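Engineer: Got a predicted structure plus its sequence, pasted below:
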Amino acid sequence: MPKIADIEGTPNKNALKFILKEPLTWGVARSYDNAEAAKDDPLAAALFEIDHVTNVFYIDHWITVTQDGEANWQDLAREIADPIRAAPAASAQSAETVAAANEILANLSPEDQLRLERINILLDEEVRPYLQHDGGDLHILGLEGNVLRIHYQGACGTCPSSISGTLRGIENMLKTIEPDILVVAV
């Protein structure tokens, strides 16, 4: 049962980041845009039962919850805290999910695997720490030719700047190692 260590605002005024003392996962990001998508995740499903919750994203020691802008954060944060505190901490199931995702990426050609590795190194060093600090992240969905498909998670998923300025910044940074790359947010 994770305890909440701190609550932080994010650049997205409709998202709050809850910092936890125990991890919810071991490196596995969970991101949901609605209750239907979250139906098989007890924590996310419980959070979507709360009025005004529109997005749930969590990984390791933090969870970001986004609201529709109609609720008072002080009241909503109290409501959100209960399901977070009741959630189980990370388990071996998280490690299995990581292994399954890695197996999918293993089907890329050796050349594309090398390209994806270089891309991930740059993202891990230069992009993800900033997104995670702000309560979000990005997940690579695929690399097909020169098109890198990404999905924003957490606070980044509904932040207007992630689709414009942040996306172009990521693409420009990746062009230093892949000059013809096109980054598409899905």
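Structural biologist: Good, I have the coordinates.

Engineer: Who does the spatially most central residue of the chain form a beta bridge with?
Structural biologist: For the chain, the residue nearest the mean C-alpha position is Gln153 (3.2 Å; C-alpha atoms, centre = their mean). Beta bridges link Gln153 to Asp137 when assigned by DSSP bridges.

Engineer: Use 189 as the first number from now on
Structural biologist: All set: I'll call the first residue 189, so the last point we hit is now Gln341.

Engineer: check contacts around it.
Structural biologist: Ala217, Ser219, Phe245, Gly324, Asp325, Leu326, His327 (C-beta atoms under 8 Å, 6 or more residues apart in numbering). Every C-beta, even on glycine, is put in place using the N, C-alpha and C of the backbone.

Engineer: mind listing the helices for the protein?
Structural biologist: 230-236, 261-274, 280-293, 298-314, 316-321, 348-349, 355-362 (DSSP state H).

Engineer: rank the ones you listed by mean pLDDT and give me the bottom one.
Structural biologist: For the helices of the chain, mean pLDDT drops lowest on helix 280-293, to a mean of 56.

Engineer: The nearest residue to Lys227 once chain neighbours are set aside: neighbour count?
Structural biologist: Once flanking residues are discounted, Lys227 sits nearest to Ala233: 5.8 Å by C-beta to C-beta, 6 or more residues apart in numbering. Using other C-beta atoms under 10 Å, Ala233 is surrounded by 17 other residues.

Engineer: close enough to count as contact, Ala233 and Ala223?
Structural biologist: Yes: here Ala233 reaches Ala223: they are 6.7 Å apart, a contact under C-beta atoms under 8 Å.

Engineer: separation between Lys363 and Asn202?
Structural biologist: Lys363 sits 31 Å away from Asn202, going by C-beta to C-beta, to the nearest Å.
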